[in-house]
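In: Here is a sequence with its predicted model. Questions after.
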Number of protein chains: 2
Amino acid sequence: MSTLAVKGERGVYVRGVDAWPMSSSDEGRLSLVGLGLEADGISLAGRRAARGADRVFLEAYTAQAPQPVASLEAMVAADVEPLDRAGVEDGDVIVDAARGGHAALLVAGDPLSATTHTALRLQAQEAGIAVDVHHAGSVLTAAAGALGLSHYKFGRTTTLVTPQDSYFPQSPYEVVQENRERGLHTLVLLDVREDGSFMSAAEGARLLARLEDEQGEGALPDEREVVAIARAGRGDEAAWRGSLAAIQELDAGEPMHSLVVPGELSPVEEEALAAFATAP
Amino acid sequence: MSTLAVKGERGVYVRGVDAWPMSSSDEGRLSLVGLGLEADGISLAGRRAARGADRVFLEAYTAQAPQPVASLEAMVAADVEPLDRAGVEDGDVIVDAARGGHAALLVAGDPLSATTHTALRLQAQEAGIAVDVHHAGSVLTAAAGALGLSHYKFGRTTTLVTPQDSYFPQSPYEVVQENRERGLHTLVLLDVREDGSFMSAAEGARLLARLEDEQGEGALPDEREVVAIARAGRGDEAAWRGSLAAIQELDAGEPMHSLVVPGELSPVEEEALAAFATAP
């Protein structure tokens, strides 16, 4: 019961239900609540924050929510209002709802792993609204753990985007190459498209092969070992390791999928990967 | 209710409470349950798994548990048995408890971010014990989000270890230098010592300065901007940005602390960091 968010004051950032002086703000409150990776992956603290909110929104475009809206509504004992990309990026609907009251935004995975949510947090703080954040499991951490790969051996992460007309970002190739040159693994996240569909591991592998065709620097030849992980952190999680050519033919089932391009594997990592990933 | 863990079968890995056939295993079950970062940072699914266990252990040496043991015991409605480093690394106590029954291991943060837990998971699977994992918030993801820094701009993570006699690993210096050369940020985790004490942000900054003295390649001069974050993901989280010299004098309060050495900041990152971190 200490800090209060003061409009415009630099560095003020109130987090956590217990730190929130429930009765002493006229400005409002916004809770950013992670849903984690599996059904009921929300934290107890996050659920408490959402249950106390006047309006509960769902951000459902950067990742798939781990359970249906009806199930989320039962969990937080409130209506859950899904927002499209424009609704979250614009931010006004959420900030208006938080002003003078309490709004919560449910986010798949960890609530601050997308820049959109950081922008929303800034926007709310600038309006004098206190923001609290409740973290949850994220594929950024879970994928490495699920495969038994060391977090210390991952270089920067990249995302493969679906090519549109002449737009096909080449940066994932550079990231993989840069990491591999240093013996590091690369986590390759896969696009969530505007229409709500998800890039599969096989599609991702085909795009990596296409990048090799276009760049031709040898970072991703057909025989390069690639790991695919599907539904990381869920009960039906599965992982495969095989050549880039083989992963292009993989049926990894329901979304969401990710890829990892391993760098040098330590003996312990080799043992873990052999135990946790199967042939495609 | 699909998969069953089969002793020695490669790649079998059962996760999630719902996927677990409660009545059909003689081999046993081990739940690895993340406690997240704040009190009640455990997920609903994780708490359910722990509540169903015959014995509940706590790993309390790689990070500080976000709430006292008595509070954890109330939460999971069971005795919670803290294990020291040897008890977790050896694994036998946990695996024996899981054999033919159900054991849970509570872990601060995300349950698979330390290699020890991956080794335990391997050991359990080799004994035919099914393992389910319940992820939660981790400083690996939360620190970047809390500071408004892009996850895509972090290079590899490193950990500063307390020097002992002649043992003072220099690798954090190389990691920072390598990342900075690429314009990338570095997350620097700080040692949890054998005696249960935690390296502070100021101590960490002094070690970075000492590494610069020893290595002398200019990666970490006194004027280099460094960010300190304390109690990431908790209600009393706080962050500071200042020169390496200034952070050496910082009192960041209670543990746990981490450091970030920023690379190139985008305008959005600069704005976020200005809002979320104060001068030391």
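Out: Happy to help now that I have it. Just so we're clear, the structure is a prediction, and the values are computed from it rather than from any experiment.

In: What residues of stretch A:238-258 count as buried?
Out: Of the residues in stretch A:238-258, those with enough neighbours to count as buried (16 or more other CB atoms under 10 Å in any protein chain shown) are A:238-242, A:244-248, A:250, A:252, A:255-258. Every C-beta, even on glycine, is put in place using the N, C-alpha and C of the backbone.

In: Which members of these are positioned in strands?
Out: The strands, defined by DSSP state E, take in A:Ala238, A:Ala239, A:Trp240, A:Arg241, A:Gly242, A:His257, A:Ser258 from these.

In: one step back: ok, and which of the buried residues of stretch A:238-258 reach chain B?
Out: A:Ala239 (CB under 8 Å from any CB of the partner chain).

In: neighbouring contacts of stretch A:266-280?
Out: The contact list for stretch A:266-280 (CB atoms under 8 Å, 6 or more residues apart in numbering or on different chains) reads A:146-150, A:153, A:227-229, A:238-242, A:246-247, A:249-250, A:262, A:265, B:10-11, B:13, B:115, B:118-119, B:122, B:125.

In: Quick one: distance of it to the chain centre.
Out: Using CA atoms, centre = their mean, to the nearest Å, the mean C-alpha position of stretch A:266-280 is found 24 Å from that of the whole chain.

In: what about the helices in the stretch 151-280 of chain A?
Out: Using DSSP state H, counting those that start in this stretch, the helices of the stretch 151-280 of chain A run over residues A:171-181, A:201-215, A:244-247, A:267-276.

In: Any idea what the spatially most central residue of chain A is bridged to?
Out: Central residue check for chain A by CA atoms, centre = their mean: the C-alpha nearest the mean position is that of A:Gly109, 5.1 Å away. Assessed by DSSP bridges, A:Gly109 has beta-bridge partners A:Gly36.

In: okay but it is in contact with A:Val33, surely?
Out: No. At 11.2 Å, A:Gly109 does not count as touching A:Val33 under the criterion of CB atoms under 8 Å.

In: In the stretch 101-250 of chain A, which residue sits closest to chain B?
Out: A:Gly235 (2.1 Å; CB to the nearest CB).

In: mind checking the SS state of A:Leu105?
Out: Here A:Leu105 is strand, with the state taken from DSSP: H, G, I helix; E, B strand; the rest coil.

In: and stretch A:109-129, which residues are buried?
Out: By 16+ other CB under 10 Å, the buried positions in stretch A:109-129 come out as A:109-125, A:127-129.

In: any chance you could read off phi and psi for A:Pro82?
Out: phi -70, psi 140 (degrees, to the nearest 10).

In: separation between it and A:Leu105?
Out: 11 Å (CB to CB, to the nearest Å).

In: What of A:Arg121?
Out: A:Arg121 sits 10 Å away from A:Leu105, going by CB to CB.

In: before we move on, the earlier item: I'd like the helices of the stretch 151-280 of chain A laid out as a markdown table, including mean pLDDT.
Out: Below are these laid out as a markdown table (pLDDT from 0 to 100):
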| stretch | mean pLDDT |
| --- | --- |
| helix A:171-181 | 97 |
| helix A:201-215 | 97 |
| helix A:244-247 | 98 |
| helix A:267-276 | 95 |
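
In: who in the stretch 51-200 of chain A is up against chain B?
Out: Residues of the stretch 51-200 of chain A lying near chain B by CB under 8 Å from any CB: A:75, A:110-113, A:115, A:117-119, A:121-122, A:125, A:132-138, A:140-142, A:144-146, A:148, A:150-159, A:178, A:182, A:184.

In: Narrow the residues you listed to those that are buried.
Out: Buried by 16+ other CB under 10 Å: A:75, A:110-113, A:115, A:117-119, A:121-122, A:125, A:132-138, A:140-142, A:144-146, A:148, A:150-151, A:153-159, A:178, A:184, out of these.
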